[in-house]
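K.L.:
After the sequence you'll find the predicted model.
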Amino acid sequence: DAKTTQPNSMESNEEEPVHLPCNHSTISGTDYIHWYRQLPSQGPEYVIHGLTSNVNNRMASLAIAEDRKSSTLILHRATLRDAAVYYCILRGYGGSQGNLIFGKGTKLSVKP
Amino acid sequence: GAGVSQSPSNKVTEKGKDVELRCDPISGHTALYWYRQSLGQGLEFLIYFQGNSAPDKSGLPSDRFSAERTGGSVSTLTIQRTQQEDSAVYLCASSTRTGGDYGYTFGSGTRLTVV
């Protein structure tokens, strides 16, 4: 199974940008890179996903390396509400390959 | 509804009793997934349904666990003869398709406590 590697924890200051890294050296050509986050006492929340090109949405940006072996989730201005566990996950194409397999993620702390 | 709905939000049961947890996915979502999350742990995949296909039960931890999805919509996760190690938050998610280009929407979960 394709797997991802993330730092266990990161800290950020409020209103500063945050770059959350993820390594996925065994990614296959059909795997999409998904990011989810889980706030305390809540279910996971979809953040963003991409295949090859960088992606932007209202929540974040996703920068994907040219060889696709790594990616970075970018929060442009961290707020206290962004404190959560962030999961980088590879999602395959169809069937069981489409299951999201969660790792331990990165626990992001945001300081005021 | 607008989101994935799970009920009950909390359930306390005695060891040895059976419990049923319900998930109502987003209308039109053909894929439905069950996960569980023990205290301080990551999410553990349990089972997934896609349309009328046979479910992928590869994550169910024992034969005490089973799940159904009726009419391609509502799903029920049943745990028979509950044990204390079954205590966890049970999360349901749905998705438009199973392809990689589609995200999941999760419910808020059912917190199960076995005493």
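P.N.:
Everything's here; your move.

K.L.:
what's the closest non-adjacent residue to A:Ser25?
P.N.:
A:Lys69 (4.7 Å; Cβ to Cβ, 6 or more residues apart in numbering or on different chains). For glycine as for every other residue, the C-beta is placed from the backbone atoms N, C-alpha and C.

K.L.:
Roughly how far does the spatially most central residue of chain B sit from chain A?
P.N.:
The centroid of chain B falls nearest to B:Trp34 when counting by Cα atoms, centre = their mean (3.2 Å). Plainly put, B:Trp34 is 11 Å away from chain A if you go by Cβ to the nearest Cβ, to the nearest Å.

K.L.:
wait, the residue nearest to A:Ser25 sits on A:Ser28?
P.N.:
No: A:Lys69 lies out of contact with A:Ser28 (Cβ atoms under 8 Å); the separation is 11.4 Å.

K.L.:
measure the residue nearest to the centre of chain B to A:Ser71 for me?
P.N.:
27 Å (Cβ to Cβ, to the nearest Å).

K.L.:
one step back: helix/strand/coil for the residue nearest to the centre of chain B?
P.N.:
Secondary structure for B:Trp34, judged by DSSP: H, G, I helix; E, B strand; the rest coil, is strand.

K.L.:
So which bits of chain B are right by chain A?
P.N.:
For chain B, the residues in contact with chain A (Cβ under 8 Å from any Cβ of the partner chain) are B:31, B:33, B:35, B:42-45, B:48, B:50, B:56, B:58, B:91, B:93, B:95, B:97-101, B:103-109.

K.L.:
A:Met59: neighbouring residues, count only.
P.N.:
15 (other Cβ atoms under 10 Å in any protein chain shown).

K.L.:
residues contacting it?
P.N.:
A:47-48, A:75 (Cβ atoms under 8 Å, 6 or more residues apart in numbering or on different chains).

K.L.:
do that again at 6 Å, thanks
P.N.:
A:Val47 (Cβ atoms under 6 Å, 6 or more residues apart in numbering or on different chains).

K.L.:
Tell me, what's the model's pLDDT at it?
P.N.:
Here the pLDDT value assigned to A:Met59 is 91.
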